[in-house]
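Trainee: Okay, structure incoming, though there's no sequence with it:
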Ligand SMILES: [Cu+2]
C-alpha cells in the first residue's frame, strides 16, 4: 500500500472518498485473500510503478487538444459501441462528446422499436411454442465488431447475453439486431471476440468466426446428472459462424473462460482463466497462485472436427473436441495450450502491433505479456517450455483488469483497487522483465472515479490504433453526479491520451451497466437512412393493397403509412379473430418514422422509412380502438389515426 500512502499526500480533500472506497473494496477482497494465504493483492506496487499519481486533472480540454464540448450541429469524430448490461441492448455513442445517440435492442423487449412485440423481432429473439418470448432478461457485457485487414469493416457487431448464453449480431448498416443464437451446453457465456483472419487461407483477411467463452462449469449434459460431482463440471469455448450464426464447434476445457482475444493472423484465440482449480466456491477459485491464459489453435481444432475426432453432448449436434490438459500434452498435436498467469487474471487484450496478448492480474498486481510467435513455436515443437512465451510479467498496481493501447507502444490498464489508469510501455516492460531493472516502464498514472473496469481507446483493438482518446467504465460514481436515490449511475470517463500525460476530459453518467465498448472512426461506417421493400417479404408497396382478408378465424390487415395518414381510416374484425396486422411505411424521406399503437392490446412499434413490420394478436375485446401514430411525424401527427373496430 506504500504507493497509495505516497499518493494520498497529493490528493485533494474531495478525494478522501477514494481512499474510503479503496479500503472498502480491498476489505471485501481480503476475506477471500486471507482464506488462501495470499499476499499479492496487498503487496506494494513495483519499483517501476512508483511514480506518484498526478494531481486531479482539469476537466476542460486544456491539454491534448481534444474538445468534448461540440458546437451545436457539430458531429463527433468517433462512433462508440457500448454494451448496455441489464437492459440487454447495445448503445451507440458519439465521441469525444460522449452523447448517447441510439440504443439497439437485442435480447430484451423495447417499447420504442416494438422489439419483442413485432413478429419479426420475436422471430429473432426466440419464442416458446405458445408464441411468447423465451426470455425477457439479459446481461450484455462485451461487444466487438467485424474486421477486415485488421480494422473494423462496418458489417456487424456482436454482443453477448451472459444470463442465457446467447450471442446477438447487429447489422451496422441499419443498426438492428438480425440474429440471436443460444449456445448449447454453456452457462455464463462471457468473453466474445470475432476472428480477424482465417488461420489457413490468407485470402480470407476478414471475420468469419466469433469466439465465445463459457465461464460457469456445469454438468455435461446439464440434465440432472452429476449435480453433486463438481469435479465433473466443465465449461466450453464455442465458435460461431459469423455469417450463418450457427455454432460451428466447441472445445471442452479445464478451468473456465473469462475474456477472449484473437490474433491478427487468425491462428490463435485465447481466453483468460481465473479458475483453473475448477472450484465451485470462491475460496476454491482463489487457491492456486497461478491461473492461465488458455490458447486455442484454430486450424488444428478445425482439422480435428473435419477428421471426426469429436463427440456431441446431449441433444446438441455441435462437434465438441477435447481441449483438456490431459488430452493436449504433446505440443505437436495439441489443440490447446495453457500458459500460466498469476492469480485470477481478468482481461486479455491483443496489442495493435499483433505481437502480444496481455493478461491483467486482478488479484496479482501484475500484467503478463505473452508473445504470440512463441506460443506458435511451442505448438510447432520449437520451444520446449510453454511459459517461455511470457516475455514480461511486471507489477503495475492493484487490481489490474483490462488493457487498451495507443498504437505507440503503450498500454493503459485499469486498476480497480487503486481507482487508476496506469500507462505503461510494453517494450520497456519486456526489457525490465529480461533483467534491466533500471528501465522505467510505468509512464503515467491517472486517478479515475471510481473503481474502473473496462477500458478502451480510439481504434485500440485494431491495427489502426490512433492514440487519441480513452474511455474508462468506472463501476462506481458515488459523488460525481446529483443524487437520485440509492441507485447511482456508473461513470464513463473520457481521457485524452494524445500526449505523454493522460488528461481527464469528462464524466458521463450511464444507466447500469455497460461493461465493454469499442471506439472507432466514423468514416468506417456508412449507415443507411431508408429501407428497401426488398428487405421485407411482407412489404406492401402500394396503398391499394391495403385491406382486410379473412381465412376462417385468421384475419390479415394490410395497412400503409404516409404522413399524415394511414391507408385505412378504419378496419373491422370479429371478437376471437387471430389478427395479423402488417404495416409498411411508404414514406421514404430520411427521418420520417411513424409509430403504431393499439390501446388495450399491448401493441406499439415504429416503422422507419420503407420499413415493414407485423404484429399478431387475438381480438379478445369488442369495441372501438383508436390505433394511432406514436412517433411524431407531421403537423397533423395527432390526427394520424385509424379505428380498429372489434365486433362482438
Ligand atoms: Cu405518423
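Mentor: Noted; the coordinates are in hand. Keep in mind it's a predicted model, so treat the numbers as computed, not measured.
Trainee: What residues does the protein have near the ion?
Mentor: 594, 629, 633, 640 (C-beta under 5 Å from the ion). C-beta here means a position set from N, CA and C on the backbone, and glycine is covered the same way.
Trainee: Most neighbours among the residues you listed, which one?
Mentor: Within those, most neighbours by other C-beta atoms under 10 Å means residue 594, with 29 neighbours.
Trainee: Spell out which residues sit in contact with it, please.
Mentor: With contact set as C-beta atoms under 8 Å, 6 or more residues apart in numbering, residue 594 has these partners: 561, 563, 585, 587, 606-607, 629, 631, 633, 640.
Trainee: Which of those residues fall in strands?
Mentor: The strands, defined by DSSP state E, take in 561, 585, 606-607 from these.
Trainee: Just give me the closest of these to the ion.
Mentor: residue 561 (6.2 Å; C-beta to the ion).
Trainee: Kindly provide the distance from that closest one to residue 485.
Mentor: Note on residue 561: its distance to residue 485, by C-beta to C-beta, to the nearest Å, is 40 Å.
Trainee: Give me the more crowded residue out of those two.
Mentor: residue 561 (26 against 5).
Trainee: Looking at the more buried one now. What's its pLDDT?
Mentor: At residue 561, the pLDDT value in this model is 98.
Trainee: gap between it and residue 122?
Mentor: Noted for residue 561: a distance of 21 Å to residue 122, by C-beta to C-beta.
Trainee: Make TSV from the ones in strands among the contacts of residue 594 and add distance to residue 355 to it.
Mentor: Converted to TSV, the ones in strands among the contacts of residue 594 look like this (distance: C-beta to C-beta, whole Å):
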residue	distance to residue 355
561	55
585	50
606	47
607	49
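Trainee: can you pick the most crowded of those residues?
Mentor: Result: residue 585 is most packed of these (other C-beta under 10 Å), 28 neighbours.
Trainee: Am I right that it is in contact with residue 559?
Mentor: No. Using C-beta atoms under 8 Å, residue 585 is not in contact with residue 559, being 10.2 Å away.
Trainee: how far away is residue 535 from the ion?
Mentor: Relative to the ion, residue 535 is positioned 20 Å away (C-beta to the ion, to the nearest Å).
Trainee: Tell me, how many residues neighbour that residue?
Mentor: Neighbourhood size, residue 535 [other C-beta under 10 Å]: 12.
Trainee: Please renumber the chain so that the first residue is 47 from this point on.
Mentor: Sure, I'll start counting at 47 from here, so that last one is residue 581.
Trainee: Let me know the pLDDT of it.
Mentor: For residue 581, pLDDT reads 93.
Trainee: In terms of helices and strands, where is residue 326?
Mentor: If you go by DSSP states H and E, residue 326 is not part of any helix or strand.
Trainee: center of the chain - which residue?
Mentor: Nearest residue to the geometric centre of the chain (C-alpha atoms, centre = their mean): residue 188, 1.4 Å.
Trainee: does that one really touch residue 206, like I thought?
Mentor: Yes. Between residue 188 and residue 206 there is a contact under C-beta under 8 Å: 5.4 Å.
Trainee: shared neighbours, those two?
Mentor: 129, 236-238.
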